[in-house]
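>>> model the following, please.
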Amino acid sequence: MNPPAMAQSAPLFPNLNPGTSRPPALLASDMELQKMLIDERMRCENHKTNYQTLKAEHTRLQGEYTRAQEELKRLLSDKQGIQSKNQLLLAELQGELLDKTRELEELRMQVLTPQKLELWRAQIQQELEGPVRERFNKLEE
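Just a heads-up that it's a prediction; the model follows:
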């Protein structure tokens, strides 16, 4: 209740007229009651201010929380997109690796190794010596 409204409201002690004289004990208790009322109003205002501050802070924190949630959703979506791209790239690179491995094996088969070289030499030697031996054997007979 604000002070102007208090002036218009009913007096605290309706059976006491303002013009009547009061005993000093009542005046002191009236003053104590007034002080207590003022203190209570001040506490009420402090509580009201604290409530408004907390309410504003709560609203701010809710907004911040909402923004953080939206950011998290966006980041998760980005992460999933990147993971799917990475999976596709991995599959593609694994396919290329398999192709290159096959190509390497084919090239290895074509490479002339020392064993293959010896086999070819023996084969060529037999092919060349065969007709010469036959001719030599015929000549000897």
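>>> for residue 57, identify the helix or strand it belongs to.
helix 24-110 (DSSP states H and E).
>>> next structured bit after that helix?
On the C-terminal side of helix 24-110, the closest following helix or strand by DSSP H and E is helix 114-140.
>>> that next one - what's its average pLDDT?
On average, the pLDDT along helix 114-140 is 85.
>>> that one: how far from the chain's middle?
76 Å (C-alpha atoms, centre = their mean, to the nearest Å).
>>> what's the answer for stretch 102-114, then?
That offset, for stretch 102-114, works out to 50 Å (C-alpha atoms, centre = their mean).
>>> next, the angle from the helix holding residue 57 to helix 114-140.
10 degrees (axes from the mean of the first three to the mean of the last three C-alpha atoms, to 10 degrees).
>>> tell me the mean pLDDT over helix 24-110?
Rounded mean pLDDT across helix 24-110 is 95.
>>> which helices and strands sit right next to that helix?
For helix 24-110, there is no helix or strand it packs on, judged by 3 or more C-beta pairs under 8 Å, 6 or more residues apart in numbering; DSSP states H and E. For the C-beta atoms, the positions are set from N, CA and C on the backbone; glycine is no exception.
>>> how far does stretch 46-56 sit from its chain's centre?
Put simply, stretch 46-56 sits 33 Å off its chain's centre (C-alpha atoms, centre = their mean).
>>> residues touching it, excluding its own?
Around stretch 46-56, nothing counts as a contact under C-beta atoms under 8 Å, 6 or more residues apart in numbering.
>>> do you know how far the residue nearest in space to the middle of the chain is from residue 121?
Among the residues of the chain, the one closest to the centroid is residue 72, at 4.9 Å (C-alpha atoms, centre = their mean). In this view, residue 72 and residue 121 are 72 Å apart by C-beta to C-beta, to the nearest Å.
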